[in-house]
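S.K.: Make a model of this:
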Amino acid sequence: MTPISMHAASAPVFAKMLGNMLTWLEAAKAHAEAKKFSTDVYLTLRLAPDMLPFPKQIQIASDAAKGCVARLGGQEIPKYEDNEASLDELAERIKKTRDFVLSVPADAFAGSEEREIVIPRRSGDPLKFDGSTYLRHFALPNFYFHATTTYALLRHAGVPLGKSDYLGG
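M.R.: Numbering: from 1, shown residues only. This is a model prediction of the structure:
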């Protein structure tokens, strides 16, 4: 059995789920149109009062994907403004993120299993990982937390999504 590469365990995984997220946003737009309400309603969604709102869930999922691929691939992390104010703008961010994730060549990930990954924090010491631990125990769980929350918010708002939409084709 051939072991999975760091590239195969990250970039295409992120790209697929980012594509699924685009499908969810299209479904949300169609739902709002069918029910005759503004898609801006989605921008205020939260599962709990102390939770970050819908746009922030997408922004953080985007940051997790692009940050992981950049760190593992030895690239500069693209900086986005975090100012998306519509479903269309959030979809554009997702597309930009997916394009970046797919642009980093597989060979750039060579040796990233052992590469030191340092994540600065607003307060306290930075988090430090080897690449493999970072991918498996920090980047992927963080990405999926925010992607799943995005899905749950839309589902809670009545958007007709199911497990197959989450998993994608």
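S.K.: now for the longest helix along the chain, which elements pack on it?
M.R.: The longest helix of the chain (DSSP state H) is helix 11-35. Packing partners of helix 11-35 (3 or more C-beta pairs under 8 Å, 6 or more residues apart in numbering; DSSP states H and E): helix 54-72, helix 87-103, helix 140-156, helix 163-167. Every C-beta, even on glycine, is put in place using the N, C-alpha and C of the backbone.
S.K.: switch to 6 Å and redo it
M.R.: Secondary-structure packing of helix 11-35 (3 or more C-beta pairs under 6 Å, 6 or more residues apart in numbering; DSSP states H and E): helix 87-103, helix 140-156.
S.K.: List of residues touching the last one?
M.R.: Defining contact as C-beta atoms under 6 Å, 6 or more residues apart in numbering, one finds that helix 140-156 is touched by 17, 24, 28, 45, 54, 57-58, 60-61, 64-65, 161, 166.
S.K.: rerun at 7 Å
M.R.: 14, 17, 21, 24, 28, 45, 47, 54, 57-58, 60-61, 64-65, 161, 166 (C-beta atoms under 7 Å, 6 or more residues apart in numbering).
S.K.: go on, the first one?
M.R.: Where contact means C-beta under 7 Å, 6+ apart, the residues beyond helix 87-103 that reach it are 11, 14-15, 18-19, 21-22, 25, 28-29, 39, 42, 55, 58, 62, 65-66, 69, 78, 80, 84.
S.K.: nearest to residue 116, of the contacts of helix 140-156?
M.R.: Using C-beta to C-beta, residue 64 comes nearest to residue 116 of these, at 18.7 Å.
S.K.: Do I have it right that the closest one meets residue 134?
M.R.: No. Using C-beta atoms under 7 Å, residue 64 is not in contact with residue 134, being 11.1 Å away.
S.K.: List of residues touching the longest helix of the chain?
M.R.: Residues contacting helix 11-35 (C-beta under 7 Å, 6+ apart): 38-39, 42, 65, 69, 87, 90-91, 94-95, 97-98, 101-102, 104, 143, 147, 150-151, 154, 158-161, 165-166, 168.
S.K.: Would you mind listing which of the contacts of helix 87-103 are buried?
M.R.: 11, 14-15, 18, 21-22, 25, 28-29, 39, 42, 55, 58, 62, 65-66, 69, 78, 80, 84 (16 or more other C-beta atoms under 10 Å).
S.K.: Tell me the pLDDT of the closest residue to residue 82 other than its chain neighbours.
M.R.: The spatially closest residue to residue 82, leaving aside those adjacent along the chain, is residue 59, at 5.1 Å (C-beta to C-beta, 6 or more residues apart in numbering). pLDDT, residue 59: 98.
S.K.: Nice, that's everything, thank you.
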